[in-house]
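> Build me a model:
(chains A and B)
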Amino acid sequence: MQLSLRERVPVDRIASGREALGEAVPRRALRRLIVTEARLAVREPAGLVWGIGLPVLLLVIFGNIPKFNLPADKFGGERPLDIYLPILCAMVLSMLGLFSIPGPLATYREQGVLRRMATTPVSPAAVLAAQLVVNLMLAAIALGLILVIGTTAFGLSAPQQPFGFLLALALTAVALFGLGLWVAAVATTGRAAQAIAGAFFFPLEFLAGLWVPRQIMPAGLRDVSDYTPLGSAVQALQDSMSGTFPSARALLVLVAYAVVFGYGAVRMFSWE
Amino acid sequence: MTAGVMSTSPETVIEVDGLRKVYGATVAVDEVSFEVRRGEVFGVIGPNGAGKTTTVECVSGLRVPDAGALRVLGLDPRGDRAHHVRDRVGVQLQQSAVPARLKVREVLWLYASFYENPADPDALLRTLGLMEKRETPYRKLSGGQKQRLSIALALIGNPQIAVLDELTTGLDPQARQETWSLIEAVRDRGVTVLLVTHFMDEAERLCDRLALIDEGRVVAHGTPAEVAERAGGGKRVRFRPSGPFDDALLTALPQVSTVARHGSRVSVTGREDLVNALILTLDRAGITAHDVELETPGLEDAFIALTRHRASTTSNAEG
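Numbers count the residues shown, from 1 in each chain, chains lettered A, B, ... in the order given. Next up is the predicted model:
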């Protein structure tokens, strides 16, 4: 049997010099991990289907319902479609955060993928980073599609407060991805991660106004919604759409969830 | 079995001194010490749950020992320069996997990117006979193919040391033979191999030296022959003498421990150059030994002898 361990890969693929290990290898490894996670996201397309497909499909369905295109008094003269755009944006980020991030990570831990990586010079934390990057890219695609389809096909106006809108989206992503990492940290198996995420998902979507928009929620329910991540997210996004900068309360609620779940995830995450 | 590389410098590449690891109330590893020299295949052998895996997990930097000193290539596997250790030590672990839908080629390219000076993934695939499986997802590989990929991953970083844990468990005899040849090929390339196994035939075939671990302690240490002899009470010689002689003739020899007679046959146990001493002494007394049979205790016997007490004592921690 011929072993050719000394054959080297082409020069452009390897770091030069011994000192490079501290920096160049992790960067090269991270790039390859991102490509790998992106490939896996396409091969196991739960994130694509639920995180991008479903919200975009809902937008198209809602856009084709005549009633959704008529201004309604109960929404302050806005069309139901205008009200739903932020809800669908929040839905994208919660789908990715709750299902696309924790499932693979918990499965990796369960199957020993993270443990295997812990024996290499690259920390398994790089897998986590790659997951987040890939999901941010998925989020950008989904949100981009929703905004482009919404404005071009269904006559939605662009957000009046673009900076507030982007800030609200960014904080929502951080809060929901943090929640997802926390789920990945506490779940022992991929299945458990799905179950925990499912338990979070429906109450969060309900309080975001997916079934009953916040504008027509009973006051008590809306107060509860104000303190949930998606309720705050939707409020901040709807405000930005109609020209009001998101309220400090809504933004702070998102920051608080990001900090609490992010800290919890960091404290509880283990590689095996 | 000694590799050519070994003779050039018997440098120590792994030093384990007084290693201790406790899980809750269970002592998994206690006072384990051994040294691995560059270029050899060193076996960590013992029954299931003896503490073998815990030992190599500490060596690989996956676990923090509770006591004892560890040096791998002169460095602490958990210290500041641990990534240098991980760059030069390839590890194949029990129960570890890669993402199910990743293809063989992709897995190797991914892992190649983790190392400073990786081997050529394609060359490695060719060596391991996985070239036709290049585009096959991990989950569709057979047990033997997964094991070979696992070895490839342990070698992709061009390591100086390869840690291989229970490599052939669950493989069919053919795949085991192939895996053994592969390990010998790896060793012949100058890679030091730390091999964990509970198969004594595997240890006997592959290991230059080994440590037999039981209940978290090293119970024997040395070459397979040394360990076997120490535990099995030495060699046994059976023969049919050409004429009568007094047992005292043989029991007086320092190499002989026991002499027994079974009808016309004599059975002698002892150690070291037992056969020589026996034949010469008998010859001097005018006796010829006919039908000489030499029985050398194997590692299997040593294993059973040294771990025999386990049946009556409580079992130990996992791995």
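> CA atoms for contacts and neighbours, from now on please.
Will do.
> what's near enough to touch the closest residue to A:Glu44 other than its chain neighbours?
Spatial nearest neighbour of A:Glu44, excluding adjacent residues (Cα to Cα, 6 or more residues apart in numbering or on different chains): B:Arg101 at 8.0 Å. Contacts for B:Arg101 (Cα atoms under 8 Å, 6 or more residues apart in numbering or on different chains) come out as A:40, A:43-44, B:137-139.
> are any of these buried, and which?
Buried by 16 or more other Cα atoms under 10 Å in any protein chain shown: A:40, B:137-139, out of the contacts of B:Arg101.
> Among the residues you listed, which are located in helices?
A:Leu40 (DSSP state H).
> Among the buried ones among the contacts of B:Arg101, which pair sits farthest apart?
Using Cα to Cα, the two most remote members of the buried ones among the contacts of B:Arg101 are A:Leu40 and B:Arg139, lying 13.2 Å apart.
> Which parts of the stretch 101-250 of chain B are strands?
Ranges of strands within the stretch 101-250 of chain B are B:161-165, B:192-197, B:209-214, B:217-222, B:235-241, based on DSSP state E, counting those that start in this stretch.
> Could you dump those strands into a markdown table and include distance to chain A and mean neighbour count?
Listed next are those as a markdown table, based on distance: least, Cα to the nearest Cα, whole Å; neighbours: other Cα atoms under 10 Å in any protein chain shown:
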| stretch | distance to chain A | mean neighbour count |
| --- | --- | --- |
| strand B:161-165 | 10 | 25 |
| strand B:192-197 | 13 | 26 |
| strand B:209-214 | 23 | 25 |
| strand B:217-222 | 25 | 20 |
| strand B:235-241 | 36 | 20 |
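> Could you list the low-confidence segments of the stretch 1-150 of chain B?
Within the stretch 1-150 of chain B, the segments meeting pLDDT under 70 span B:1-9, B:94-96.
> Try it again at 90.
Along the stretch 1-150 of chain B, segments meeting pLDDT under 90 span B:1-10, B:24-26, B:46-50, B:61-62, B:78-84, B:92-98, B:123, B:127-129, B:142-148.
> Get me the contact residues on it for chain A.
Within the stretch 1-150 of chain B, the positions lying close to chain A (Cα under 8 Å from any Cα of the partner chain) are B:60-62, B:82-87, B:90-93, B:95-99, B:101-102, B:106, B:110, B:113-121, B:123-124, B:127.
> CSV for the contacts of B:Arg101, including distance to A:Leu138?
Shown next, in CSV, are the contacts of B:Arg101 (distance: Cα to Cα, whole Å):
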residue, distance to A:Leu138
A:Leu40, 13
A:Arg43, 14
A:Glu44, 14
B:Pro137, 24
B:Tyr138, 25
B:Arg139, 25
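> what does stretch A:204-215 contact?
For stretch A:204-215, contacts defined as Cα under 8 Å, 6+ apart pick out A:74-75, A:83-84, A:87-88, A:90-91, A:217, A:221-222, A:224-225, A:228-234.
> Check stretch B:128-136 too.
B:103-105, B:122, B:125, B:145, B:148-149, B:152, B:182.
> Enumerate every residue touching B:Ala162.
B:89-92, B:154-155, B:191-194.
> Next up, phi/psi of the residue in chain A that chain B sits nearest to, please.
With Cα to the nearest Cα as the measure, A:Gly112 is the residue of chain A nearest to chain B, at 4.3 Å. Main-chain torsions, A:Gly112, degrees, to the nearest 10: phi 90, psi 10.
> Next, count neighbours for it.
21 (other Cα atoms under 10 Å in any protein chain shown).
> Next: B:Ser264.
For B:Ser264, the count of nearby residues is 11 (other Cα under 10 Å).
> And B:Asp246, by the same measure?
7.
> same question, B:Asp80
Applying other Cα under 10 Å, we find 9 other residues in the vicinity of B:Asp80.
> How about B:Ala100?
Residues near B:Ala100, counting by other Cα under 10 Å, number 16.
> How about the secondary structure of it?
Following DSSP: H, G, I helix; E, B strand; the rest coil, B:Ala100 is assigned to coil.
> Contacts only, for it.
By Cα under 8 Å, 6+ apart, the contact list for B:Ala100 reads B:137-139.
> please redo it, this time with the cut-off set to 6 Å
Applying Cα atoms under 6 Å, 6 or more residues apart in numbering or on different chains, one finds that B:Ala100 lies in contact with B:138-139.
> what do you get for B:Arg236?
Going by Cα under 6 Å, 6+ apart, B:Arg236 touches B:268-269, B:294-295.
> Could you check how far it is from B:Ala225?
The gap separating B:Arg236 from B:Ala225 is 14 Å, by Cα to Cα, to the nearest Å.
> For the longest helix anywhere in chain A, name the packing helices and strands.
Identified as the longest helix of chain A according to DSSP H is helix A:125-153. Judged by 3 or more Cα pairs under 6 Å, 6 or more residues apart in numbering or on different chains; DSSP states H and E, the packing partners of helix A:125-153 are helix A:24-43.
> just to revisit the earlier point, cross-check the contact I'm expecting between the residue of chain A closest to chain B and B:Leu93.
No - in terms of Cα atoms under 6 Å, A:Gly112 does not count as a neighbour of B:Leu93; the distance is 9.2 Å.
> Going through the contacts of stretch A:204-215, which ones are buried?
By 16+ other Cα under 10 Å, these give A:83-84, A:87-88, A:90-91, A:222, A:225, A:228-234 as buried.
> residues from the stretch 101-250 of chain A in reach of chain B?
Contact residues (Cα under 6 Å from any Cα of the partner chain) of the stretch 101-250 of chain A with chain B: A:111-113, A:116, A:120-122.
> go again using 10 Å as the cut-off
For the stretch 101-250 of chain A, the residues in contact with chain B (Cα under 10 Å from any Cα of the partner chain) are A:104, A:107-123.
> Would you show me how to pick out the buried ones of the residues you listed in PyMOL?
Buried members of these can be picked out in PyMOL with the line below, counting by 16+ other Cα under 10 Å:
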select buried, chain A and resi 104+107+108+109+110+111+112+113+114+115+116+117+118+119+120+121+122+123
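> Can you read off the pLDDT for residue 172?
Going with chain A. In this model, A:Thr172 is scored at 97, pLDDT.
> um, chain B though
82.
> Over to it: give its phi and psi.
As for B:Asp172, its main-chain torsions (degrees, to the nearest 10) stand at phi -80, psi 160.
> unless I'm mixing things up, it is touching B:Gln145, no?
No - between B:Asp172 and B:Gln145 there is no contact under Cα atoms under 10 Å: 11.7 Å.
> more crowded one of those two?
Neighbour tally, B:Asp172 and B:Gln145, criterion other Cα under 10 Å: the higher count belongs to B:Gln145, 19 against 11.
> contacting residues around the nearest residue to B:Pro241 once chain neighbours are set aside?
What sits nearest to B:Pro241 in space, not counting adjacent residues and going by Cα to Cα, 6+ apart, is B:Ala289, at 4.7 Å. Neighbouring residues of B:Ala289 by Cα atoms under 10 Å, 6 or more residues apart in numbering or on different chains: B:238-243, B:265-266, B:278-279, B:282-283.
> I'd like to know which of those is nearest to A:Ala142.
After measuring these against A:Ala142 - Cα to Cα - the closest member comes out as B:Arg238, at 82.4 Å.
> give me the beta-bridge partners of that closest one?
Using DSSP bridges, the beta-bridge partners of B:Arg238 come out as B:Ser267, B:Glu293.
> quick one: pLDDT of it?
pLDDT, B:Arg238: 89.
> which one of the contacts of B:Arg236 sits closest to A:Ser240?
Proximity of the contacts of B:Arg236 to A:Ser240 (Cα to Cα) peaks at B:Glu295, which lies at 88.5 Å.
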